[in-house]
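Peer 1: here's a sequence, model it:
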Amino acid sequence: MTHYGAREMAASFRTVRRNTIQIAEEIPEDKYGFSPAQGVRTVEKLLTHIAIGNHFQKQVHKVERRSAMAGFDFMPLIEKVRAEEAQSRTKAGVIEMLRTGGEEWARFLEGLSEDFLAEEVQQMPGSEPAAKSRLEMLLSVKEHEMHHRGQLMLIERMLGIVPHLTRQMQERMAAMQGAKT
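Peer 2: Residues are numbered from 1 along each chain as shown. Prediction:
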């Protein structure tokens, strides 16, 4: 028996996505074109990138149910993702993508069996490790989102916004301090 399975992964992903959506909502629409440095995605493009960040894992585990990555043609998928990212979207459009895509992904995760999550997928020849469990590969979607959410929190600071998770922590600390006195 595992302690972390499909249900926990879906719940954890929903928490991560809920926090990403809150950041997307707190950044003003007129700042969606902001880029913190030359060559770095704008807020809009970064949120879009997050919204479609599961496309690779979806293709591997849901569409093709691959057991080995040898022979996987990355280029058509990369071109599709780049084309999707290149589309111009409003703040409302980006948030809707995050909501609907996130919930669709969470429902997919919830429906997976422990046996499926335990299956090993052979990685590209020469990769280390040579194989990964589906669980590990699927967790990478959440890890990828959290990586980019950290970037968004720094962008919020650059825009003069205190990130909601920081505000919540400050409120808890103030409440503990108040209870002490």
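Peer 1: correct me if wrong: L109 contacts Y4.
Peer 2: No. The pair L109 and Y4 fails to qualify as a contact (CB atoms under 8 Å) at a distance of 11.6 Å. C-beta: built from backbone N, CA, C; applies to glycine.
Peer 1: give the burial count for P125, as a bare number.
Peer 2: 10 (other CB atoms under 10 Å).
Peer 1: in three-state terms, label it for me.
Peer 2: Following DSSP: H, G, I helix; E, B strand; the rest coil, P125 is assigned to coil.
Peer 1: tell me who's in contact with the closest residue to it other than its chain neighbours.
Peer 2: Spatial nearest neighbour of P125, excluding adjacent residues (CB to CB, 6 or more residues apart in numbering): A70 at 5.9 Å. Going by CB atoms under 8 Å, 6 or more residues apart in numbering, A70 touches Q122, M124, P125.
Peer 1: swap in V60?
Peer 2: Going by CB under 8 Å, 6+ apart, V60 touches R66, M69, F72, V121, M137.
Peer 1: just these now: which is nearest A92?
Peer 2: M137 (31.9 Å; CB to CB).
Peer 1: am I right that the closest one is in contact with E120?
Peer 2: No. Using CB under 8 Å, M137 is not in contact with E120; the gap is 9.8 Å.
Peer 1: those two: who's more crowded?
Peer 2: M137 (20 against 15).
Peer 1: which strand or helix spans that one?
Peer 2: In this structure, M137 is located in helix 134-158 according to DSSP states H and E.
Peer 1: could I get the buried residue list for that helix?
Peer 2: 134-135, 137-139, 141-142, 144-145, 148-149, 152-153, 155-156 (16 or more other CB atoms under 10 Å).
Peer 1: before we move on, what about stretch 67-76?
Peer 2: Residues of stretch 67-76 classed as buried: M69 (neighbour count, 16+ other CB under 10 Å).
Peer 1: for the chain, what spans make up the strands?
Peer 2: Per DSSP state E, the chain carries strands over the ranges 120-122, 131-133.
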